[in-house]
Structures are given as C-alpha cells and as structure tokens.
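K.L.:
just to be clear, the model below is a prediction. Sequence and coordinates:
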Amino acid sequence: MPPACRFTREQIVAAALAITRERGFDAVTARAIADTLHSSSKVIFSAFSGMDDLLAATIDAADAQYRAYSADFVRNSADPPYKAVGTAYIRFARNEPNLFHLLYMRDRRREDHSGDAENIERAENEVKQVGNLDAIPASLIADFDYAALGHIHKPMKVGSETLRYCGTPMPYSLSEENQQKGILMVEMGAKGDVQTTVLPLHPVHQVRKLRATREALLSGASEDFVSICVTDVEAAEMVGLRELLRAKYPNLLELRREEKKTVELAALQERTETLSPYELCLQFAGERLNAEEKALLTEVMNAMKEENA
C-alpha cells in the first residue's frame, strides 16, 4: 500500500516548477523534488503514477503560467494586442529563460505530438524551425476578430472559422494531391462580425500520382504534373521508358518502378481484405488444424462477434 501523501499534486508540481526555474527541466528528478519538499521520494508517487505523469503536469503548469503572464501583459499594455502578444513572448523568454526553454525549445522527439501544432500537416518542402518556435497556443490569438495564419500549404481552420491557414493558391508538392485550393475572402463588420468565404481555384494542371502497368500508362495521356509508378517492369526495362512516357505526359515530375515484393504484398493485402477473420485464421494455420480445433476456432469467432455486436 503506498504511503499516505502529505503533499497535494499542486504542491509537488510547484516544487518541480521551482526547480525548473532555477536549474532547468533536466534537473527535475524524484530526489530533487523530495529534497525541496523535505520528504521521501516515495511520497511523490502516491500522487502521480510515475515521473512521466509528474513531468507532464509540470509542463502543463509552465504553459498555464505563460498564458497567464501573456494575458496579463496584453491586458495592461498600451500597445495594440498583436504587438503586445509578441512583446509578452519576448519578455517571458528574457525573464523566465528556463520555463521558455521548456515550453518552446526542449527536445520533443520522444513525446506524443498527435494533438499539437507541430503535427499540422505540412507539404514535403515546408521547413519546420528548430524546436517549436513557429508554434504558439491558439488561445493567445483567440481574442482577435480574425487571424490569418501562414506558411502551411494546406488550407485549414484551427479550432474556429476565424483562425485559418488560407493555404497556397496552387499545389507546390506531390503531397498536396487532391487538396482543394482557393482564395479566402474575409468580410469584417462590427466587432466580432466576421464572415469568411472560400473562393475555389481550379488550376489548369493538377498534381497527381499515377500507379499502373506500362501498357495502361502508355495508353493514357495527361498534361497534369504527374508522379508515375510503373508496376510491371524490371529495372532494365526502364531504359527509354521515360522518353515514351514524357511524350504522353509532358509534365512528368518523377518516374519509378514498383519493386516485385511491394507488388506481391499489395496483391496479398487485396486478397486478404475480402476474407473473414475465420478464413484468415484458416489460411494462416493451413492444414495444421484438425476438426476439433476448427470447431473451437468457430466458437471463439462467434463469441467475439456477439461481444462486438
């Protein structure tokens, strides 16, 4: 049974935050927090599931502190909000260098980024800055009537109609295939009255990826910008194929062939997608299952169906 905790989660996080301020986030250890609280390190883990849980809570507390600092600075500044937000960011970096480093310059490669700004879908040719300097919390600009965000090629909203990336007017990368490009028209009336309309653009030549046999590709033609993958040729057969295809596809960007193993894997996947779980198990086990084992497998599959129904 874990020892009774003499400290709340808030008190433990406050100690971790104090250590971060003074010595940096890397100095936050169970031993260091215990020394700060004049306690045993075991007591900490009665309030947190582990160090990862505690460190995540410390980051959240540092983020909350920055948001409060920024909001207070903007509220009391004589500058326009857009300038005050930037000034608050710079002053926080100067006044709280270790907290700033934790929030915007730490090594995030081992962290889960599924929901944050660094995971916004970007084109292949878009460069992310070191750390997270190109990302700020959306809440910092939520009070503006409209925020026109830039640098991301894909048009998208960030939580609301008034925080948007307009995207590029034309595709600049193969990763932008099938993206609907357009111009964003913003009409602003009284305070808070903002209307946005997307005016779609249809480029004369789209960006597309084609995957087919040699015969199928040579029987077609397109002036779009294309990346072509040929599925049925060997390396030696690629000689001279580019010139033949370029006559059909004058804006050919890339030509490659599909390796035999990739083709076989794709064919196998296509076959298995039509099989039931029971058939897949039989295919995997082959003739190794006797009648009794097949009956047991059927019983298990039926039980799973009932459970998921």
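P.N.:
Everything's here; your move. Numbering: from 1, shown residues only.
K.L.:
now for Ala303, how many residues are close by?
P.N.:
A total of 10 residues lie near Ala303 under the criterion other Cβ atoms under 10 Å. Where you see a C-beta, it was placed from the backbone N, CA and C, and this is true even at glycine.
K.L.:
that one belongs to a helix, doesn't it?
P.N.:
Yes: according to DSSP: H, G, I helix; E, B strand; the rest coil, Ala303 belongs to a helix.
K.L.:
if I look at Thr162, how far off is Ala190?
P.N.:
In this view, Thr162 and Ala190 are 14 Å apart by Cβ to Cβ, to the nearest Å.
K.L.:
between the two, who's got more neighbours?
P.N.:
Set side by side, Thr162 and Ala190 show more neighbours around Thr162, with 19 against 7, by other Cβ under 10 Å.
K.L.:
show me where the stretch 201-309 of the chain has strands.
P.N.:
Per DSSP state E, counting those that start in this stretch, the stretch 201-309 of the chain carries strands over the ranges 207-212, 225-230, 252-257.
K.L.:
just say which of those is most tucked in.
P.N.:
Neighbour counts (mean count of other Cβ atoms under 10 Å) averaged over each of the strands of the stretch 201-309 of the chain peak at strand 225-230, with a mean of 20.
K.L.:
which among the strands of the stretch 201-309 of the chain is found nearest to Leu149?
P.N.:
Nearest of those to Leu149, taken as Cβ to Cβ: strand 207-212 at 22.7 Å.
K.L.:
can you state the direction angle for that closest one and strand 225-230?
P.N.:
Strand 207-212 and strand 225-230 are oriented at 20 degrees to each other (axes from the mean of the first three to the mean of the last three Cα atoms, to 10 degrees).
K.L.:
now strand 207-212, how far from the chain's geometric center?
P.N.:
The chain centroid and the centroid of strand 207-212 are separated by 25 Å under Cα atoms, centre = their mean, to the nearest Å.
K.L.:
from Thr36, how far out is Arg23?
P.N.:
Here Arg23 is placed at a distance of 11 Å from Thr36 (Cβ to Cβ).
K.L.:
and the strands of the stretch 201-309 of the chain as JSON lines, adding mean pLDDT?
P.N.:
Below are the strands of the stretch 201-309 of the chain laid out as JSON lines (pLDDT from 0 to 100):
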{"stretch": "strand 207-212", "mean pLDDT": "91"}
{"stretch": "strand 225-230", "mean pLDDT": "92"}
{"stretch": "strand 252-257", "mean pLDDT": "89"}
